[in-house]
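Participant: Predicted model and sequence below, questions to follow.
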Amino acid sequence: MSFFKRIFSSEKKETLDKGLEKTKTTFFSKLTKAVAGKSNVDDEVLDNLEEILVSSDVGVDTTLKIIKRIEERVAVDKYLGTDELNKILREEIAGLLAENNTGNETDFVIPESKKPYVIMVVGVNGVGKTTTIGKLANQFKKAGYSVVLGAADTFRAAAIDQLQIWADRVDIPIVRQQMGSDPASVAFDTLQSAVSQNADVVIIDTAGRLHNKVNLMNELTKVKRVMQKVVDDAPHDVMLVLDGSTGQNAFEQAKQFTAATEVTSLAVTKLDGTAKGGVVIGISDQFKIPVKYIGVGEGIEDLQVFNKFEFVDSFFK
């Protein structure tokens, strides 16, 4: 598997290795117990492996795909040793992510043909949505782009204030109105401001409530429609932020939001504080939506572009 020979940024890679430490330690301690006393990969080992993958929040459907792939390899080589299981798992998970065409990028880049490039961010409250926006804005600014933020989550005063704190922290302009204002109006003003400033990137925060899917769908549709009065093909990216530490709940949120609006990318946060990092594998496989960013620490630099090769390398290191 030649793609494992890529040269990674050592500093970023160390952060990723550290961020996945809990997931990796838990997973491999379970795997070691599963193959104890076994020399070959047999039905019992595969049953145990299936249980481990499911309990690591890879998800049932994705787990069954991985097990099927390994079964096919066992059928060809009936004496496949348990000492090779780690290598096989690594190859099959990397292959699965490669098929889903997710996580190829290594840097924070935007298409040159889109200016301003408009990102609409969705997700329930508490998943790290505002923090992700702040860190993302910082990374784009570091990459040389000019950025404007839009505080269109007008349902909560705290959301507006939090985004203001991030805007101040990274020294980026923000467009905001009072709590209870029309989110579409904020989005419209933000895009107008960005166009007048000749900004490169616009990041719009939106409300994170899911108690009424119809209302959410209508609201996000209206925000999109109003933005298109200023930038006719906006938004260029609808990014769903998911809390990786919630495991299966993240799957449920992804189901809800993909039903309510067209989601074009994912950001999975809080992977450093959990043993549920397998959720990245399952979500990217089940929803066929690219995972663009992962949060692997609390620091402002700890939002990374998701690279499937680096992720698998860190997971199995």
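Facilitator: Now that the structure is in, tell me what you want to look at.

Participant: all helices of the stretch 51-200 of the chain, in order?
Facilitator: All helices of the stretch 51-200 of the chain, identified by DSSP state H, counting those that start in this stretch, fall at 60-76, 85-99, 129-142, 157-170, 183-196.

Participant: and those helices as a markdown table, adding distance to residue 265?
Facilitator: From N, CA and C alone the C-beta is placed, and that goes for glycine too. Output for the helices of the stretch 51-200 of the chain, formatted as a markdown table (distance: least, CB to CB, whole Å):
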| stretch | distance to residue 265 |
| --- | --- |
| helix 60-76 | 19 |
| helix 85-99 | 15 |
| helix 129-142 | 11 |
| helix 157-170 | 20 |
| helix 183-196 | 18 |
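
Participant: just these: most buried one?
Facilitator: The highest average neighbour count among these, using mean count of other CB atoms under 10 Å, belongs to helix 129-142 at a mean of 23.

Participant: Tell me what angle that one forms with helix 157-170.
Facilitator: Here the directions of helix 129-142 and helix 157-170 differ by 20 degrees (axes from the mean of the first three to the mean of the last three CA atoms, to 10 degrees).

Participant: Where does residue 266 sit, in terms of helix or strand?
Facilitator: strand 265-269 (DSSP states H and E).

Participant: looking only at pLDDT, what's the mean for that strand?
Facilitator: The predicted model gives strand 265-269 an average pLDDT of 92.

Participant: Show me what counts as buried in it.
Facilitator: Judged by neighbour count (16 or more other CB atoms under 10 Å), strand 265-269 contains these buried residues: 265, 266, 267, 268, 269.

Participant: ok, back up a step: of all the helices of the stretch 51-200 of the chain, which one comes closest to residue 239?
Facilitator: Ranking the helices of the stretch 51-200 of the chain by distance to residue 239, with CB to CB as the measure, places helix 129-142 first at 8.3 Å.

Participant: What lies in contact with the strand or helix carrying residue 281?
Facilitator: Following DSSP H and E, one finds residue 281 within helix 279-287. Under the contact criterion CB atoms under 8 Å, 6 or more residues apart in numbering, helix 279-287 has outside partners 57-59, 61-63, 65, 93, 96-97, 100, 102-103, 242, 244, 247-248, 250-251, 254, 258, 263, 266, 268, 271, 289-291, 294, 306, 311.

Participant: Only alpha carbons, please: show stretch 224-231 as CSV.
Facilitator: As requested, C-alpha coordinates have been extracted for stretch 224-231 and formatted as CSV (Å, rounded to 0.1, in the frame of the first residue of the first chain):
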residue,chain,number,x,y,z
LYS,A,224,-29.7,29.8,1.0
ARG,A,225,-32.2,31.5,-1.2
VAL,A,226,-31.4,34.9,0.2
MET,A,227,-27.7,34.4,0.0
GLN,A,228,-28.1,33.7,-3.7
LYS,A,229,-29.4,37.2,-4.3
VAL,A,230,-25.8,38.4,-3.6
VAL,A,231,-23.7,35.4,-4.7
